[in-house]
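> Coordinates only, no sequence provided:
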């Protein structure tokens with residue numbers, strides 16, 4: 001999405017922004033959950049000869065629960081401000097190229113920073129085990145592990161009087 005910002009040359013100038021971004025290629029964790037376009041609304045403006053882009057980013061994530069494996073969807077909304085032009089360590093900057101900007105990479109980076117690494121649908125892990133008749137520790141009792149004397153290991157090297 002290319003946006004022309006040529007009209008923002010004077011302090012106080014504003015430019016309304018509205019559109020959609022296709023971010024299907026963005027990977028979050030091990031998923032590519034952005035199957036629908038992300039909606040952006042906001043404005044670009046000149047404040048004291050510094051250009052800014054304030055956006056509201058809305059979308060729907062199509063996910064698989066990292067706990068139970070069931071598919072689910074989750075809505076998201078983020079309000080962000082980007083500085084247009086030079087980089088700054090404190091904010092994400094969007095470069096200006098021939099009086100146009102492309103916020104796609106900055107929006108994708110914001111999503112990567114704001115969304116969690118793991119996604120859960122709200123399932124209860126304890127109830128999930130009970131419903132399947134499984135005990136989380138039952139498999140451990142069936143393992144043929146050698147006996148281990150922890151007391152002897154703890155006292156090893158200590159002197160007894």
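All right, it came through fine. Computed from a predicted structure; not experimentally measured.
> For residue 57, which non-adjacent residue is spatially closest?
Nearest residue to residue 57 in three dimensions, chain neighbours excluded: residue 78, at 4.7 Å (C-beta to C-beta, 6 or more residues apart in numbering). All C-beta spots, glycine's among them, are computed from the backbone N, C-alpha and C.
> center of the protein - which residue?
In the chain, the C-alpha nearest the mean C-alpha coordinate belongs to residue 115, at 2.2 Å (C-alpha atoms, centre = their mean).
> contacting residues around that residue?
With contact set as C-beta atoms under 8 Å, 6 or more residues apart in numbering, residue 115 has these partners: 28, 61, 76.
> and with 7 Å instead?
Shown in contact with residue 115 (C-beta atoms under 7 Å, 6 or more residues apart in numbering): residue 28.
> and if you look at residue 8?
Residues near residue 8 by C-beta under 7 Å, 6+ apart: 15, 44-46, 51.
> pLDDT weak spots in the chain?
In the predicted model, the chain carries pLDDT under 70 at residues 86-93, 95, 125-142, 148-161.
> all strands of it, in order?
Under the criterion DSSP state E, the chain contains strands at 3-4, 14-21, 38-47, 50-64, 71-84, 93-94, 100-101.
> I'd guessed the residue nearest to residue 57 sits against residue 110; true?
Yes. The criterion here is C-beta atoms under 7 Å, and residue 78 meets it with residue 110 at 6.3 Å.
> Next, show the common contact partners of those two.
Residues touching both residue 78 and residue 110 (C-beta under 7 Å, 6+ apart): residue 57.
> hang on, the earlier thing: the residue nearest to residue 57: neighbouring residues, count only.
16 (other C-beta atoms under 10 Å).
> and if you look at the one 4 residues further on?
Taking other C-beta under 10 Å as the neighbour definition, residue 82 ends up with a count of 22.
> Same check on residue 43?
Neighbours of residue 43 using other C-beta under 10 Å come to 13.
> Surely it and residue 18 touch.
No. Using C-beta under 7 Å as the test, residue 43 is too far from residue 18 to be in contact (9.4 Å).
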